[in-house]
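>>> Mind folding the following:
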Amino acid sequence: MEHSVLESTLTPTGRKFLDLIRHGDNFLKIELLRPAKNYYLRALALNLETEKVQQKISECDRLLAFEIKVIKILVLIGAGIVLTILLL
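Numbers count the residues shown, from 1 in each chain. Purely as a prediction, here's the structure:
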């Protein structure tokens, strides 16, 4: 009930901002980082609570960098296994 009262007093831009943040948060919870970041970037374009949105974008960037690092390590391990098998 509290959310609906709060949202009813917001401007259309404010409601859109909250909706974009909510979508971004939902994607972030299930670790779909690229869609989450996309929603946060769209929210950032509305110029509301930019510091909060920048922090969420930074979190996505940090997690994406870690994801890429893990993928690179897994590719190297896989390549090593394939080369070992081929050389036997």
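
>>> give me the element Phe27 is part of.
helix 12-29 (DSSP states H and E).

>>> by contact count, what packs against that helix?
Packing partners of helix 12-29 (3 or more C-beta pairs under 8 Å, 6 or more residues apart in numbering; DSSP states H and E): helix 33-44, helix 50-87. Every C-beta, even on glycine, is put in place using the N, C-alpha and C of the backbone.

>>> Asn26: which of these is closest?
Nearest to Asn26 among the helices and strands packed on helix 12-29 is helix 33-44; the distance by C-beta to C-beta comes to 8.0 Å.

>>> thinking again about what came up before, Throw the helices and strands packed on helix 12-29 into TSV and include distance to Leu20, mean neighbour count and mean pLDDT, thanks.
Formatted as TSV, those follow (distance: least, C-beta to C-beta, whole Å; neighbours: other C-beta atoms under 10 Å; pLDDT from 0 to 100):
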stretch	distance to Leu20	mean neighbour count	mean pLDDT
helix 33-44	4	19	96
helix 50-87	9	12	95
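
>>> Out of these, flag the one nearest Phe27.
With C-beta to C-beta, the closest approach to Phe27 among the helices and strands packed on helix 12-29 belongs to helix 33-44: 3.7 Å.

>>> Which elements pack onto that closest one?
With contacts taken as 3+ C-beta pairs under 8 Å, 6+ apart, helix 33-44 sits against helix 12-29, helix 50-87.

>>> quick one: the last one to chain centroid distance?
This means helix 50-87. 15 Å (C-alpha atoms, centre = their mean, to the nearest Å).

>>> The shortest one too?
Taking C-alpha atoms, centre = their mean, the mean C-alpha location of helix 12-29 is offset from the chain mean by 12 Å.

>>> Over to stretch 26-35?
5 Å.

>>> Columns distance to Pro35 on top of the helices and strands packed on helix 33-44, output as a markdown table?
As requested, the helices and strands packed on helix 33-44 are arranged in a markdown table below (distance: least, C-beta to C-beta, whole Å):
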| stretch | distance to Pro35 |
| --- | --- |
| helix 12-29 | 4 |
| helix 50-87 | 10 |
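
>>> for those, which one sits closest to Leu41?
helix 50-87 (6.7 Å).
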